[in-house]
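In: I would like the atomic coordinates for the input below:
(one chain, ligands or ions: 1)
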Amino acid sequence: MNLNFSPEENAFRQEVRAFIAENYPAELRAAQDSGRPLTKAEYLIWHKVLAKKGWVAPSWPKQYGGTDWTPTQKYIWSEESARAETLPPLPFGVSMLAPVLYTFGSDEQKAKFLPGIYNGEVWWCQGYSEPGAGSDLASLKTKAERITGDDGKEYYLVNGQKTWTTLGQYADWGFFLVRTDPDSKPQAGISFLLIDMKTPGISVRPIITLEGGHEVNDVFLDNVKVPVENRVFHENQGWTLAKALLAHERSGIAGVARSKRNLEKLREIASTEHSDAGGPLLGDAFFRRKVAELEIDLTALEFTELRTLAGESSGKGPGPESSILKIKGTEIQQRLQELALEAVGHYGAPFLRDLGHNAGVGPEYAVGLAGDMFNGRKTSIYGGSNEIQRNIIAKMVLGL
Ligand SMILES: Cc1cc2nc3c(=O)[nH]c(=O)nc-3n(C[C@H](O)[C@H](O)[C@H](O)COP(=O)(O)OP(=O)(O)OC[C@H]3O[C@@H](n4cnc5c(N)ncnc54)[C@H](O)[C@@H]3O)c2cc1C
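Out: Numbering: from 1, shown residues only. This next block holds a predicted model:
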């Protein structure tokens, strides 16, 4: 494995860095810095700039809008994006649904849905989890029955409840797992439907999370009529698509480049804050040790990710390493948040940033850290909890 960047790769890094510096929207930077929740339009500004440039979906095949970058170029792209703290395009359309569509969708579905995902015109949400189906996703109960509509067309009539639907309050469309055959084995009776969120019978109810944010929702489906042509792939074979999508979701969660940036920030905070004994907190042996352990783990994870990339360059898929990346990546993100909060102490506590509760209480870098720490508990749960990833490693890597 050669880990040195070539002159061409270094030139590419400069190109990416300059592009971000010249084009990252100032109003979005200001909104991010303010710490208030972003509006729907703000979430999409950078996405739309990247779409114009042709850089919104580096991993897609070239024919659908991919950049044809090498894995190393993609790595450089994610490093530079993290360094500049850009807002990544939302994963639901670009990283989760699109790979399923271009792999399993019909030509009509690709033509209808991929451009809206690419251009940021259609916001997608993920309707997988249910109150009784999270880790054991195959036990999902939302029911879809075939009916003939008054117009003579074939529909699915969908009834049930989805939960934890991230940013579903903004979604134009959702991809849903539904049960089309209640009599077969759990995995064998599931289909994958694309549903227009404006269809009568859909209601979205907020779930307010620990830090006071509205990020997730319950979605209720009450006699929702979905045209049969909105099913991707064959009836009752949606589980194959569900698993493929989860692998894409998982490999995006590790966030190594962003953790590297957050480690730098933690060092800055701990160089400014004082320890009980006086002097900078980073000079305190106990605190310094925790930062050093974190850095060692992050470096090890970075090399694991680079090995995965080197494997991809030679045509190997990510495989069960995506579970290792997910576990270690999310544990590191959570430890970073805990240490940042430990460093600022009670200054991190007022976390309702949009209400300005923090004004004048402490340093700027402490704003919202408690809220971030609470919110960050999610990373070891979603995308398949870390316990479930350990089960996958036990089975697929260790053969237990
Ligand atoms: C912030 C957030 C956003 C989310 N966004 C979405 C979304 O947009 N769309 C969507 O469909 N879902 C979403 N989810 C749901 C997420 O995928 C589920 O929460 C997750 O799969 C876990 O399911 P559960 O919450 O039902 O927990 P459960 O499955 O009930 O698990 C409870 C606990 O038991 C453990 N456990 C369960 N089974 C096993 C086992 N076999 N071995 C060992 N331990 C086990 C779990 O690890 C967990 O600690 C989101 C969740 C969160 C927290």
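In: The residue of the chain found nearest the ligand: what's it in contact with?
Out: Residue nearest to the ligand within the chain (CB to the nearest ligand atom): Gly134, separated by 1.9 Å. Where C-beta positions appear, they are placed from N, C-alpha and C, glycine not excepted. Gly134 makes contacts with Trp164, Ser385, as judged by CB atoms under 8 Å, 6 or more residues apart in numbering.
In: Distance of Gly279 relative to Glu264?
Out: 21 Å (CB to CB, to the nearest Å).
In: Tell me the pLDDT of Gly362.
Out: Per-residue confidence for Gly362 comes out at a pLDDT of 84.
In: and it, how many residues sit next to it?
Out: 16 (other CB atoms under 10 Å).
In: Flag every buried residue along stretch 361-369.
Out: By neighbour count on 16 or more other CB atoms under 10 Å, the buried set for stretch 361-369 is Gly362, Tyr365, Ala366, Val367, Gly368, Leu369.
In: The residues you listed: which two are farthest apart?
Out: Among these, the pair separated by the greatest distance (CB to CB) is Gly362 and Gly368, at 11.0 Å.
In: Find the residues that touch each one of the two.
Out: With CB under 8 Å, 6+ apart as the test, Gly362 and Gly368 both reach Gly348.
In: Would you map the helices across the stretch 151-300 of the chain?
Out: Ranges of helices in the stretch 151-300 of the chain, per DSSP state H, counting those that start in this stretch, are 238-251, 256-272, 285-313.
In: actually the stretch 301-400 of the chain, not the one I typed
Out: Under DSSP H, counting those that start in this stretch, the stretch 301-400 of the chain gives helices at 321-344, 369-375, 386-396.
In: Then the stretch 1-150 of the chain?
Out: Under DSSP H, counting those that start in this stretch, the stretch 1-150 of the chain gives helices at 7-23, 26-34, 40-53, 71-83, 91, 98-104, 107-119.
In: could you check the angle helix 40-53 makes with the second one?
Out: If I follow you right, that is helix 26-34. 130 degrees (axes from the mean of the first three to the mean of the last three CA atoms, to 10 degrees).
In: chain center to helix 26-34, what's the gap?
Out: Here helix 26-34 is found 21 Å from its chain centre; the criterion is CA atoms, centre = their mean, to the nearest Å.
In: which strands and helices sit next to it?
Out: Applying 3 or more CB pairs under 8 Å, 6 or more residues apart in numbering; DSSP states H and E, one finds that helix 26-34 contacts helix 40-53.
In: Show me which residues of the stretch 251-400 of the chain are close to the ligand?
Out: The stretch 251-400 of the chain has residues Lys378, Ile381, Tyr382, Gly384, Ser385, Glu387, Ile388, Asn391 near the ligand, with proximity defined as CB under 6 Å from any ligand atom.
In: Redo those residues as JSON lines? Include neighbour count, pLDDT and distance to Ala51.
Out: Below are these laid out as JSON lines (neighbours: other CB atoms under 10 Å; pLDDT from 0 to 100; distance: CB to CB, whole Å):
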{"residue": "Lys378", "neighbour count": "17", "pLDDT": "96", "distance to Ala51": "28"}
{"residue": "Ile381", "neighbour count": "15", "pLDDT": "95", "distance to Ala51": "31"}
{"residue": "Tyr382", "neighbour count": "18", "pLDDT": "92", "distance to Ala51": "26"}
{"residue": "Gly384", "neighbour count": "21", "pLDDT": "90", "distance to Ala51": "29"}
{"residue": "Ser385", "neighbour count": "16", "pLDDT": "95", "distance to Ala51": "33"}
{"residue": "Glu387", "neighbour count": "11", "pLDDT": "97", "distance to Ala51": "37"}
{"residue": "Ile388", "neighbour count": "17", "pLDDT": "94", "distance to Ala51": "34"}
{"residue": "Asn391", "neighbour count": "15", "pLDDT": "95", "distance to Ala51": "38"}
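In: before we move on, back to that, in CSV: the helices of the stretch 301-400 of the chain, plus distance to Met96.
Out: Output for these, formatted as CSV (distance: least, CB to CB, whole Å):
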stretch, distance to Met96
helix 321-344, 13
helix 369-375, 20
helix 386-396, 17
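In: Of all the ones you listed, which one is nearest Leu44?
Out: Leu44 lies closest to helix 369-375 among these, at 21.1 Å (CB to CB).
In: Would you mind saying which of the helices of the stretch 1-150 of the chain lies nearest Leu309?
Out: Closest of those to Leu309 is helix 71-83, at 4.2 Å (criterion: CB to CB).
In: Using neighbour counts, pick out the buried residues of the closest one.
Out: Quick answer for helix 71-83 (16+ other CB under 10 Å): Pro71, Thr72, Gln73, Tyr75, Ile76, Trp77, Ser78, Glu79, Glu80, Ser81, Ala82, Arg83.
In: could you point out which element follows that helix?
Out: Downstream of helix 71-83, the next assigned helix or strand under DSSP states H and E is helix 91.
In: does any part of that next one sit near the ligand?
Out: No: against the ligand, helix 91 shows no contacts by CB under 6 Å from any ligand atom, the least distance being 9.5 Å.
In: what does the average pLDDT come to for that helix?
Out: The pLDDT scores in helix 91 average 92.
In: Could you do stretch 160-173 as well?
Out: Mean pLDDT, computed over stretch 160-173, is 98.
In: Quick check, central residue of the chain?
Out: By CA atoms, centre = their mean, the chain has its centre lying nearest to Pro91, at 5.1 Å.
In: Quick check: the nearest residue to that one once chain neighbours are set aside vs Tyr382, distance?
Out: Nearest non-adjacent residue to Pro91, counting by CB to CB, 6 or more residues apart in numbering: Gly252, 5.8 Å away. Look at Gly252 and Tyr382: by CB to CB, they are 11 Å apart.
In: One more: Glu264?
Out: Counting by CB to CB, the gap from Glu264 to Tyr382 is 26 Å.
In: Neighbours of the residue nearest to Glu305 when sequence neighbours are not counted, how many?
Out: Counting by CB to CB, 6+ apart, Glu305 lies nearest to Val256, which is 5.2 Å off, once chain neighbours are set aside. Neighbourhood size, Val256 [other CB under 10 Å]: 23.
In: I'd assumed Leu301 was in contact with Val256.
Out: Yes: between Val256 and Leu301 there is a contact under CB atoms under 8 Å: 5.8 Å.
In: Could you tell me which residues touch both of the two?
Out: By CB under 8 Å, 6+ apart, Val256 and Leu301 have these common neighbours: Leu325, Gly329.
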